[in-house]
Structure formats: C-alpha cells, structure tokens
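*Asks:* Build me a model from this:
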Amino acid sequence: MSDRNYIFRRHALERMAERDITRADVESVVENGEVIREYTDDTPHPSRLILGWRDERPLHVVAADDDEANETYIITVYEPDADVWNDDFRSKKT
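*Replies:* Just a heads-up that it's a prediction; the model follows:
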C-alpha cells in the first residue's frame with residue numbers, strides 16, 4: 001500500500017459497513033483501479049470515480065486528492081448495480 005493518508009468520510013464508512021467493503025478493498029481500488037469519470041469542478045478538491053475489483057466483485061470508489069497534504073478523501077464506495085451499469089461497469093446503461 002502507498003504512504004498516502006486516506007481519510008474516510010462518514011458517508012463512505014457507513015456505505016462500507018452496509019456493503020461489507022473493507023478499508024483494504026478501498027485502498028486497493030484507489031491504488032490499482034481505473035478512473036472512469038472525473039469531476040473536475042468538485043470543491044474543495046476535484047474528485048474521480050474509480051472502478052476496481054476485489055476478487056470477482058466490482059467496486060466503485062469516489063475519491064478526491066489533496067496533493068499538498070498527501071491525503072486522499074474517500075467520499076463514497078459502492079458495488080455498481082448491474083441494472084444501471086453496462087456489463088463492464090464503466091458506463092451507465094442508456
């Protein structure tokens with residue numbers, strides 16, 4: 001794992017507890033996953049949606065970096081719904 005400091009927002013921690021997702025799962029997705037959407041206008045820091053896998057389970061993590069402080073804020077975490085997302089979990093169904 002990286003030496004970056006992860007700060008988990010309350011919302012993310014609540015969703016992780018509900019969905020049986022660990023901190024290690026989230027850190028792995030952030031460090032090894034694929035950025036599938038960027039939210040450059042988010043404040044105070046731009047955020048991004050990251051797709052990663054824990055075993056056969058797809059996970060989406062929304063994270064924002066404060067590079068000056070070497071911190072990554074974990075905003076929310078969820079398993080993408082196959083009814084909403086395409087099979088690759090990179091884009092939503094139309």
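
*Asks:* which stretches of this structure have low pLDDT?
*Replies:* 1-2 (pLDDT under 70).

*Asks:* Just give me the residue closest to the centre of it.
*Replies:* Val61 (1.1 Å; CA atoms, centre = their mean).

*Asks:* who touches that one in this structure?
*Replies:* Taking CB atoms under 8 Å, 6 or more residues apart in numbering, we find Val61 in contact with Val26, Val29, Val30, Gly33, Leu49, Ile50, Gly52, Ile74, Thr76, Val77. The C-beta positions use only the backbone N, C-alpha and C, and glycine is treated the same way.

*Asks:* ok, what's across the strand from it?
*Replies:* Ile50, Val77 (DSSP bridges).

*Asks:* Next one: it from Val35, what distance?
*Replies:* 10 Å (CB to CB, to the nearest Å).

*Asks:* Now the common contact residues for the two.
*Replies:* With CB under 8 Å, 6+ apart as the test, Val61 and Val35 both reach Leu49, Ile50.

*Asks:* returning to that earlier point: so which of the contacts of Val61 wins on neighbours?
*Replies:* Among the contacts of Val61, Val77 has the most neighbours (other CB atoms under 10 Å), with 28 neighbours.

*Asks:* Do I have it right that that one meets Arg19?
*Replies:* Yes: at 7.2 Å, Val77 counts as touching Arg19 under the criterion of CB atoms under 8 Å.

*Asks:* if you go through the chain in chain order, where are the helices?
*Replies:* Secondary structure of the chain (DSSP state H): helices at 10-19, 23-32.
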